[in-house]
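K.L.:
what would the 3D arrangement of this be:
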Amino acid sequence: MRIVVLGSGITGLSTAAELLRARHEVVIVSAGPITATTSFLAAAVWFPTAAGPADRVRAWGEITFEHLAGLAAAGAPGVRMCSSMALYRDEPPIPAWSRSVRSFRSADPAELPPGYRFGFRFEVPLVEMPTYLPFLSAQVDAAGAHRVRRTVRRLDELADLSPDAVINCAGLRAAELVGDREAYPIRGQIVRVANPGLSVSVRDEAHPLGRAYVHPRANDCVLGGSLDIGEWDTAPAPDLTRSILRRCRDLVPALAGSEVLETVVGLRPGRREVRVELDTAVLPGTPVVHNYGHGGSGITIGYGCALDSAALVAAL
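P.N.:
Predicted coordinates:
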């Protein structure tokens, strides 16, 4: 079939790759380059965040984990397995996600920074989006995808492309296109700093100043962050930058002297439940598969959602 995929972030490109693998003709429509997507800004470490329902997120997450682990083993650019640690001030229960990660164990006291009594060690995929997203985009192009640069305000504006089906992977704008009032922005601010030699990803989801994470990459560290539901402002907030630096230095004191390189803001596509489903009413005569609302879990569940979206197309 001739399939139009709307969106060129990690969700759109992953879905396009699966459709091309099934030998469909794929047209990718996007308003801007991949560098303008929220995906390009993402810290992109596998960890379920702000997405539901729990059972589907778990299933999608496990599928995506194995896919990314396979890419890391194959040497895909920007993808690697990363030693990680979750920190807690009070003794925590075993988290549900522990069943999905590798090498899960309690942290030794010597591994914990000052002020922390508990922690878990584990291994998860880390994806450097400025490296991996162009690689995936090039793979999709090499497999035969066509590209159309266009701002789409209504799905019926795609009629001139003669689609047999449309896959709605437009992120935050996906909901606007179909009048979905359950969707909302989740503002995320991150700070990039020079990497002082770190290799372990560290997080504290309950830091007194707000959630905190430190994700080391090849040439920098991504520090975060915020989950501000309903906030549309994409201008970096200086006070929040200072707070992120302070809380992340609590987690990793070695960051104390690291140079600040950049502060950026992205709007994650939030929804109470990720929407991956067939819709035959929104665009009369053309089936639409929705694939949006991943919250902070785009890299964590994206490949699983892409497989389900391709399966819905296959069943048409």
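
K.L.:
hey, let's count contacts and neighbours off CA atoms from now on
P.N.:
Fine.

K.L.:
Val276 belongs to a strand, doesn't it?
P.N.:
Yes: per DSSP: H, G, I helix; E, B strand; the rest coil, Val276 lies within a strand segment.

K.L.:
which residue packs closest to it, ignoring adjacent ones?
P.N.:
Using C-alpha to C-alpha, 6 or more residues apart in numbering and skipping residues adjacent in sequence, the residue nearest Val276 is Asn291, 4.6 Å away.

K.L.:
so where do the strands sit in the stretch 51-200 of the chain?
P.N.:
For the stretch 51-200 of the chain, the strands defined by DSSP state E, counting those that start in this stretch occupy 79-88, 102-106, 118-127, 146-149, 165-168, 183-193.

K.L.:
quick one: pLDDT of the residue nearest to Val276?
P.N.:
The confidence metric pLDDT takes the value 97 at Asn291.

K.L.:
can you lay out the strands of the stretch 51-200 of the chain as TSV showing distance to Leu68, mean neighbour count and mean pLDDT?
P.N.:
Shown next, in TSV, are those (distance: least, C-alpha to C-alpha, whole Å; neighbours: other C-alpha atoms under 10 Å; pLDDT from 0 to 100):
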stretch	distance to Leu68	mean neighbour count	mean pLDDT
strand 79-88	7	21	98
strand 102-106	13	14	98
strand 118-127	6	23	98
strand 146-149	25	14	98
strand 165-168	23	25	98
strand 183-193	23	24	96
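
K.L.:
of those, which is nearest Leu6?
P.N.:
strand 165-168 (5.2 Å; C-alpha to C-alpha).

K.L.:
determine the set of other helices and strands touching that closest one.
P.N.:
Judged by 3 or more C-alpha pairs under 8 Å, 6 or more residues apart in numbering; DSSP states H and E, strand 165-168 is in contact with strand 2-6, strand 288-292.

K.L.:
how about the helices in the stretch 51-200 of the chain?
P.N.:
Along the stretch 51-200 of the chain, the segments classed as helices by DSSP state H, counting those that start in this stretch run 54-73, 129-142, 172-178.

K.L.:
returning to what we had before: would you turn the strands of the stretch 51-200 of the chain into a markdown table with distance to Ala314?
P.N.:
Converted to a markdown table, those look like this (distance: least, C-alpha to C-alpha, whole Å):
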| stretch | distance to Ala314 |
| --- | --- |
| strand 79-88 | 29 |
| strand 102-106 | 32 |
| strand 118-127 | 29 |
| strand 146-149 | 20 |
| strand 165-168 | 11 |
| strand 183-193 | 27 |
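
K.L.:
so which of those strands is nearest Phe40?
P.N.:
strand 118-127 (10.5 Å).

K.L.:
so what does that closest one touch, helix or strand wise?
P.N.:
helix 54-73, strand 79-88, strand 102-106.

K.L.:
also compute the angle for that strand relative to strand 102-106, please.
P.N.:
Strand 118-127 runs at 160 degrees relative to strand 102-106, counting by axes from the mean of the first three to the mean of the last three C-alpha atoms, to 10 degrees.

K.L.:
show me the contact partners of strand 118-127.
P.N.:
Strand 118-127 is contacted from outside by 43-47, 65, 68-69, 72, 78-92, 101-109, 112, 299, using C-alpha atoms under 8 Å, 6 or more residues apart in numbering.

K.L.:
CA atoms only for the helix or strand of the chain with the lowest mean pLDDT, dumped as CSV, please.
P.N.:
Counting by mean pLDDT, DSSP states H and E, the chain has its least confident helix or strand at helix 172-178, which shows a mean of 89. The C-alpha trace of helix 172-178 is given here as CSV (Å, rounded to 0.1, in the frame of the first residue of the first chain):
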residue,chain,number,x,y,z
LEU,A,172,2.3,16.9,20.2
ARG,A,173,0.6,18.2,17.0
ALA,A,174,-0.9,14.7,16.3
ALA,A,175,-3.6,15.4,18.9
GLU,A,176,-4.4,18.9,17.5
LEU,A,177,-4.9,17.4,14.0
VAL,A,178,-7.6,15.1,15.3
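
K.L.:
show me what counts as buried in that helix.
P.N.:
Residues of helix 172-178 classed as buried: 172-175, 177 (neighbour count, 16 or more other C-alpha atoms under 10 Å).

K.L.:
now for Gly179, how many residues are close by?
P.N.:
The tally of other residues near Gly179 (other C-alpha atoms under 10 Å) stands at 12.

K.L.:
got a pLDDT number for it?
P.N.:
90.

K.L.:
now do Gly225
P.N.:
88.

K.L.:
backbone dihedrals for it, both of them.
P.N.:
phi -170, psi -170 (degrees, to the nearest 10).

K.L.:
relative to Ala69, how far out is it?
P.N.:
25 Å (C-alpha to C-alpha, to the nearest Å).

K.L.:
between these two, which one's more packed in?
P.N.:
Using other C-alpha under 10 Å as the criterion, Gly225 and Ala69 rank with Gly225 on top: 26 against 18.

K.L.:
ok, that one to Ser83 distance?
P.N.:
For Gly225, the distance to Ser83 - C-alpha to C-alpha - is 20 Å.
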